[in-house]
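Chemist: Need coordinates for the below:
(chains A, B and C)
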Amino acid sequence: MLNIKPFIEKLNGLKFDDMYLNDFLLTWEKTDQEIDALFTVADALRHLRENNVDTSIFESGLAISNFRDNSTRTRFSFSSAANMLGLAVQDLDEGKSQIAHGETVRETANMISFMADVIGIRDDMYIGKGNTYMREVSKSVQEGYDEGVLEQRPTLVNLQCDIDHPTQSMADMLHIIHHFGGVENLKGKKLAMTWAYSPSYGKPLSVPQGIVGLMTRFGMEVTLAHPEGYEIMGDVEAVAAKNAAATGGKFTKTNSMCEAFKGADIVYPKSWAPFAAMEKRTDLYGKGDMDGINALEKELLAQNAKHKDWECTEELMALTNGGKALYMHCLPADITGVSCKEGEVSASVFDRYRVPLYKEAGFKPYIIAAMMMMAKCENPQKVLEMLANKNAQRWMK
Amino acid sequence: MLNIKPFIEKLNGLKFDDMYLNDFLLTWEKTDQEIDALFTVADALRHLRENNVDTSIFESGLAISNFRDNSTRTRFSFSSAANMLGLAVQDLDEGKSQIAHGETVRETANMISFMADVIGIRDDMYIGKGNTYMREVSKSVQEGYDEGVLEQRPTLVNLQCDIDHPTQSMADMLHIIHHFGGVENLKGKKLAMTWAYSPSYGKPLSVPQGIVGLMTRFGMEVTLAHPEGYEIMGDVEAVAAKNAAATGGKFTKTNSMCEAFKGADIVYPKSWAPFAAMEKRTDLYGKGDMDGINALEKELLAQNAKHKDWECTEELMALTNGGKALYMHCLPADITGVSCKEGEVSASVFDRYRVPLYKEAGFKPYIIAAMMMMAKCENPQKVLEMLANKNAQRWMK
Amino acid sequence: MLNIKPFIEKLNGLKFDDMYLNDFLLTWEKTDQEIDALFTVADALRHLRENNVDTSIFESGLAISNFRDNSTRTRFSFSSAANMLGLAVQDLDEGKSQIAHGETVRETANMISFMADVIGIRDDMYIGKGNTYMREVSKSVQEGYDEGVLEQRPTLVNLQCDIDHPTQSMADMLHIIHHFGGVENLKGKKLAMTWAYSPSYGKPLSVPQGIVGLMTRFGMEVTLAHPEGYEIMGDVEAVAAKNAAATGGKFTKTNSMCEAFKGADIVYPKSWAPFAAMEKRTDLYGKGDMDGINALEKELLAQNAKHKDWECTEELMALTNGGKALYMHCLPADITGVSCKEGEVSASVFDRYRVPLYKEAGFKPYIIAAMMMMAKCENPQKVLEMLANKNAQRWMK
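Modeler: Sure thing, here's the model as predicted:
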């Protein structure tokens, strides 16, 4: 049954006007009320769509995707979100374009944006690069808008950078909220964001960083666990510590997976590369030192191989609260005996949590759509109400 | 003049409710009434579009295309069909995605389908693979839907597999029906599905298989002709024989192109690779034996070259019923002296039939749209009536 | 404030019925009134969009893009224009298609066009090829339409060929018109289309040709300046001379950049390859002589390097009318010290004109949309009025 009122009433109590005509780059740049409002809009959009109500707020307009790293899931989530709101996706494929021929970021950003309402960027490979690039694009289109070059100011959505992966962490958090029946039930819950072994090399740090940077805001006790040498960015650890202090939660670190799992309500075991190594790789890349990069890769794989015991097994899961912690992963996971010989998680644990994991991923299109909508609609409550009142069918069944 | 009633009345007399929320993988999995209804919906959609009536049944939603083999025509037909119904196309480009990195089919199928209404797959290169893959995807999204992961159950459309090419054979059949003025005029008509020489190697068997698997259902006398060694799948021959027996038609085989053409009302001369060779290639491919594959290719080209007399010439056409058989081809054809030195058909025959051949191809977008619509609309009659009554212009001329 | 009337009244006084169901391949094939009407429709569409009025004239339909040379800007302009009118873009990616396998242009043109309303083509690399190819496609779809193969006749838009770049020159001209406050103010204005040095090789001639072929129609004094050996096509020079004679303007040539800049109101300094060299390259390409092509490239770069003094500097700008000529470029420019060591324009000149340059580019989506609309709407006045009266929001802010 369609009932949009609870969402609108919730939004009426929150302050989020600064999100209008703004970007979504890092969760910790947003206030608690803004984060809360975003979850509410995501849920409202889902409620409309599940009731077969058309959610198009655009009759035309482009959503530009710029994937500087491969992606299937995020690509489809972005497409789905754009489509849900009435935007057409146009890929900026830099390989095919003239961008390599000396164009500045500023110029390209403006040239593609004459009719762009949204720009989604994934740029997560090199430390110090991705988020910086996004801010350059953002500044460029803001200038273009201020100077009268652009009729509308395209909104940037960070689809994963070197620092944060906000569409992932926000979708993960919304999954947690629904799983535990509301934010109000999260106080004191224990979440373990832990490293896990993978036979592959150089996975981005943005997932663990995004998780500890966001999950520490809800009064939970968040533990970051990893072997020595697998540190994440210090700046993000500081954010997590500050968040925890502000919300009465905790942020602790350990080098023991076992310790992190003890009594945990939520576990998120996932491989990543060490920050220091990623910094080194960025330097080597900057120098074009391919031999150095290959050597570093071998070294890191050897280092990883020392920590094959960092696997999410049934034994470890048994240590969690009642043995029933919610297992989370951004997918795809390296599943022992399934997608690799030895990996992040045992097949039996993964299989038990397959459906919740899929549902976790299913929040992402709505999170992205909410990011777009809150940046493009000055009064999302009114727009949601109009959509509900219009009650146009998405699909003539 | 817009008149949707005849189509609706026809549909009212047919039973096809099992098509709703189902896939279209093989024509012989569908009942005669379902096939008939699908042709009717295709014709109705064409009638609406020709009268400039908007046929969008979706306000938003994705149609995913997954082309595991190259395609221009089918790609555009799929895009056209999706667009006609209001869906946006999102390509799943496995080269660019993380699918090669150990993801399971099940996971990917769900991850891309959160807002997908249709998935079209082409996978026709290896015997025993394509149709199997489609069924894995179908099972995966059905599970996802049943488990509450997916809000809607995406429909699969087979855009060509190792066994059948239903969008082709259905479009071809609708062309025949229109050419002869109705299904009722097909009883006893002679159709020759014959092999023809091509200088290229390894064309899929799905076209001849699709043709004999479908065309034998309308009381026609279908002959399959090919040189020795160019057998198609035995299972499909069995389907054809059973179909013919059930509808008072005939299914015969011969190794003489000449014999097949004698008195034929319809001829479909087209190259394909021998089933046994394709099976061998699949094995070699499975073993990664590239030398073996290259050797097989040479062998097959040499074998083909022995049958250069299997060309659709004016002399052969003169043997057909009144010398006026309908020449058919799925295109592109290997035209002697045009696209190759020696090929499937002489230039003069091809040229005389160029316009009908193009029209034959023109049915495909409507066939695909009808496949989508019948899987997504519980009551297509009602939806067609609503579209006609609404009478929204597709194009403000 | 929305006021569509002035545009409609202007259009009512112009004759442009021959544009309906026609193509846009060369500006000099269009009458003055047609050119004027196209600018008016472009401005009207912009007026609607700036007032947040939905400009969709299609509920469904495809706009096919066929980029045979790389492009970012034109690709996005085409996508934007298609999207603004309600069309979905489908790329014809010939690399991925079967076109390389011996298909004729005619066949492919029809096969992809069953539901295509527009086809945009960029093919600018080889002299004598691009425009010829476009005309083949145009003839093919016209035939297909006449023969009943196609339900609608797709319109061709030239997105740059070997002869002209009409979407660029028309956007540039509309920029000039707005900059000088109307066509009526252009009489006697001096425009310098001059060659400029670039460290890159073989830039198409279509921009300078398009500019002198169009800008000579408005009573301006157009000078074409280039070093000896950098001649453009003689046919286009003849067009420019004829245009100038007919409109009381002038078309002169010089081998001095300095002379061209003296007293100029508008300057357009831009690199291009010599026509004779491009002809030679086309021959070499036809013979597959890669060594010859490489040798020619070296030769041309050496030839270019003799003319490094052809740079748009502050000194040269000071020679223009009041030192305040409008600097124009199709972008991306080779900027000295920014995108290259020595290039077409000094950084300080470029920087002063950055915003106008970006605005110049911003006319292109509207020009392309107007080309589409005038070919697809028999009575654009009526359609514009309907859009304004309907006043549907493009974007629910």
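
Chemist: Check the burial of A:Asp17 by counting its neighbours.
Modeler: Close neighbours of A:Asp17, defined as other Cβ atoms under 10 Å in any protein chain shown, add up to 12. C-betas here are computed from N, CA, C, even on glycine.

Chemist: State the distance from the closest residue to it other than its chain neighbours to A:Gln142.
Modeler: Leaving aside its sequence neighbours, A:Asp17 sits nearest to A:Glu378 (Cβ to Cβ, 6 or more residues apart in numbering or on different chains; 7.7 Å). From A:Glu378 over to A:Gln142 the distance is 17 Å, taken as Cβ to Cβ, to the nearest Å.

Chemist: These two: which has the busier surroundings?
Modeler: Neighbours were tallied for A:Glu378 and for A:Gln142 using other Cβ under 10 Å; the higher tally belongs to A:Gln142 (18 against 12).

Chemist: Would you mind listing what in the stretch 51-200 of chain A touches chain B?
Modeler: Neighbours of chain B within the stretch 51-200 of chain A, by Cβ under 8 Å from any Cβ of the partner chain: A:54-56, A:70-73, A:75-77, A:79-80, A:83-84, A:86, A:88-89, A:200.

Chemist: Kindly identify which of those residues also come near chain C.
Modeler: Counting by Cβ under 8 Å from any Cβ, A:Ala88 from those sit close to chain C.

Chemist: Out of the residues of the stretch 51-200 of chain A next to chain B, which end up buried?
Modeler: Using 16 or more other Cβ atoms under 10 Å in any protein chain shown as the burial test, these include A:54-56, A:70-73, A:75-77, A:79-80, A:83-84, A:86, A:88-89 as buried.

Chemist: Give me the subset of those residues lying in strands.
Modeler: Among these, the ones falling in strands (DSSP state E) are A:Ala88, A:Val89.

Chemist: Take the buried ones among the residues of the stretch 51-200 of chain A next to chain B and keep only those in helices.
Modeler: A:Arg73, A:Arg75, A:Phe76, A:Ser77, A:Ser79, A:Ser80, A:Asn83, A:Met84 (DSSP state H).

Chemist: can you redo the residues you listed as JSON lines with pLDDT?
Modeler: Output for these, formatted as JSON lines (pLDDT from 0 to 100):
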{"residue": "A:Arg73", "pLDDT": "91"}
{"residue": "A:Arg75", "pLDDT": "94"}
{"residue": "A:Phe76", "pLDDT": "97"}
{"residue": "A:Ser77", "pLDDT": "98"}
{"residue": "A:Ser79", "pLDDT": "98"}
{"residue": "A:Ser80", "pLDDT": "98"}
{"residue": "A:Asn83", "pLDDT": "98"}
{"residue": "A:Met84", "pLDDT": "98"}
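
Chemist: closest to chain C among these?
Modeler: Nearest to chain C among these: A:Asn83, at 11.1 Å, using Cβ to the nearest Cβ.

Chemist: and that closest one, what does it touch?
Modeler: A:Val89, B:Ser60, B:Gly61, B:Leu62, B:Ala88, B:Gln90, B:Met115 (Cβ atoms under 8 Å, 6 or more residues apart in numbering or on different chains).

Chemist: Near chain C, which residues of the stretch 151-300 of chain A are found?
Modeler: By Cβ under 8 Å from any Cβ, the residues of the stretch 151-300 of chain A that approach chain C are A:Glu151, A:Gln152.

Chemist: Indicate the residue of the stretch 151-300 of chain A located nearest to chain B.
Modeler: Counting by Cβ to the nearest Cβ, the stretch 151-300 of chain A gets nearest chain B through A:Ser200, at 7.6 Å.

Chemist: Helix, strand, or coil at A:Gln33?
Modeler: helix (DSSP: H, G, I helix; E, B strand; the rest coil).

Chemist: now the residue nearest to it when sequence neighbours are not counted, what's its secondary structure?
Modeler: If the residues on either side of it in the chain are set aside, A:Gln33 comes closest to A:Leu14, at 4.5 Å by Cβ to Cβ, 6+ apart. Using three-state DSSP, the secondary structure recorded for A:Leu14 is coil.

Chemist: Isn't A:Leu14 up against A:Thr40?
Modeler: Yes - in terms of Cβ atoms under 8 Å, A:Leu14 counts as a neighbour of A:Thr40; the distance is 7.4 Å.

Chemist: more neighbours, those two?
Modeler: A:Thr40 (24 against 17).

Chemist: which element is that one on?
Modeler: Remark: A:Thr40 resides in helix A:32-50, with elements defined by DSSP states H and E.

Chemist: Tell me the helix or strand right after that helix.
Modeler: strand A:62-67.
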